[in-house]
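In: Have a look; sequence and predicted model below, questions after that.
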Amino acid sequence: MKTAIWLYLFLFLAFFDLHAQYPILTPFAISLGAAPTFIGWMMGIYSLTHLPGNLIAGTKIDKYGSKRYIIFSLTTAGILLLLQAYVDTPWQLLILRALSGFVLAFLSPACMTLLAQLSSDPTTQGKYMSGHGVVHTLASVVSPAAGAFIVAGIGFSGTFQILGILLVITGLMAFFTIPAVKEASTQSIKVLPPMEGRFLPISWRYFVLPLVIACSQGVLFFELPLRGSGSASILSTGLLFSIISLGALTTLSMLFLNRYSTKLRLAAGVLLMAISFFLLASVPEMPLWLVLYVLGTSKGIIFPALATMFVQLSGGARLGRIFSIQSIATSLGSFVGPIAAGQIRMEISPYFLAFLVLMIGLLFLPFSKQVRTAALNPEPKHI
């Protein structure tokens, strides 16, 4: 439990640092002279360079443990943020964002794997994943508004310097406090014979969900900051991102939701998110803050259920690979989302694209039969 608390602290600081950039990056790129299409590529290249990092992380985390990759990811990302404070052309920003995408690709699978390896009990693992979601959401509640307020006070350069120093300090703290835990800690979980020899112990179709969810989020992160320009717009965008996180925190606090089937929660959450994007695209007269709050509640349903489902389906086997493939799917979605939004936004609302891909993603969530997994404790069957 002590390790989990330390890890939650580091995750909070890291997520705070990363989410604080959401309302800042687009105005910063515009201040450097970047066009909307270039901004879409800038945001997409960050996710594209996640892919080689995710591919490397999968087997390496299973073999060597998570600690070294958490430290590397946090510290190097902080150094790159410090360099980002001194860029003066869009292309320099693009290069640094590409490098940041690579080094931060190790963070999520390493953290998720370490949390899951702290216990061999699927129920306890599910609680750790829910804690990860709560920490992530708490950080994202305050960080977008905080980032906007900081940049309004000290400018882009000073903000990136502060955020970079925070990440470097977090990486140094992780060096002294995180224990080295390898996949051996999950050996008490029995893996069924049919799963042996496979690259992954679960069906690939489950990874369509993180792909389409990330694609829709990429559309939102691209489109929302383009509502206006100037300090007032940056502040309002930061507050809107915080409203999304407040919505997520609301449903994360509804602990009774954990009693329901993970597939049911995923289907309900994705459907609610799709409806929110449909409202953004087709009912502009609705209060924006209300729609974004509802969209946030869907995130609070989806992400803990998604992580818990992967742990339950795998039975604790090859978690490094599983969470790395999840991160790859997320990176692909985050790459496609903003680029597609930048290309079509003059003809059609990008929010409708997000609605469409989410509805397609629902078709890949199987309900007709129980999938045989390595989990010892099956998920609740009552709905």
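Out: That came through, no problem.

In: Relative to Val168, how far out is Thr75?
Out: Applying Cβ to Cβ, to the nearest Å, the value for Thr75 to Val168 is 6 Å. Just so you know, the C-beta spots here come from the backbone N, C-alpha and C atoms, and that holds for glycine as well.

In: what sits against Ala20?
Out: With contacts defined as Cβ atoms under 8 Å, 6 or more residues apart in numbering, Ala20 is in contact with Ser143, Pro144, Ala146, Gly147, Ile150, Thr159, Leu163.

In: same thing with Leu246?
Out: Val141, Tyr293, Gly296.

In: per-residue confidence for the first one?
Out: Right, the one you point to is Val141. For Val141, the pLDDT comes out at 72.

In: what does the last one give?
Out: On pLDDT, Gly296 comes in at 91.

In: Longest helix in the protein, please.
Out: As assigned by DSSP state H, the longest helix anywhere in the chain is helix 122-177.

In: Dump the contacts of Ala20 into TSV; add distance to Thr308 and neighbour count as well.
Out: Compiled in TSV, these are given as follows (distance: Cβ to Cβ, whole Å; neighbours: other Cβ atoms under 10 Å):
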residue	distance to Thr308	neighbour count
Ser143	25	26
Pro144	26	28
Ala146	30	18
Gly147	30	27
Ile150	35	20
Thr159	35	25
Leu163	31	25
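
In: quick one: which of those residues is nearest to Gln312?
Out: For the contacts of Ala20, the minimum distance to Gln312 (Cβ to Cβ) is 30.3 Å, reached by Ser143.

In: my read: the closest one touches Ile24, true?
Out: No: counting by Cβ atoms under 8 Å, Ser143 sits too far from Ile24 to count as a contact (10.5 Å).

In: which SS state does Ile348 fall under?
Out: Classification of Ile348 using DSSP: H, G, I helix; E, B strand; the rest coil returns coil.

In: neighbours of it, just the number please.
Out: Using other Cβ atoms under 10 Å, Ile348 is surrounded by 11 other residues.

In: Backbone torsions only: list them for it.
Out: With angles defined as degrees, to the nearest 10, Ile348 sits at phi -150, psi 150.

In: confidence score at it?
Out: The confidence metric pLDDT takes the value 87 at Ile348.

In: now it: how far from Ser282?
Out: Where Ser282 is concerned, Ile348 sits at a distance of 11 Å (Cβ to Cβ).

In: Now do the contacts for Phe15.
Out: With contact taken as Cβ under 8 Å, 6+ apart, Phe15 is in contact with Val135, His136, Ala139, Ser140, Ser143.

In: hang on, the earlier thing: need the contacts of Leu246 in CSV (columns: distance to Ala268).
Out: What follows is the contacts of Leu246, written out as CSV (distance: Cβ to Cβ, whole Å):
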residue, distance to Ala268
Val141, 22
Tyr293, 17
Gly296, 15
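
In: which of those are buried?
Out: Val141, Tyr293, Gly296 (16 or more other Cβ atoms under 10 Å).

In: out of those, who's nearest Ile45?
Out: Proximity of the buried ones among the contacts of Leu246 to Ile45, judged by Cβ to Cβ, is greatest for Gly296, which lies at 26.6 Å.

In: Show me where this structure has its strands.
Out: With DSSP state E, there are no strands along the chain.
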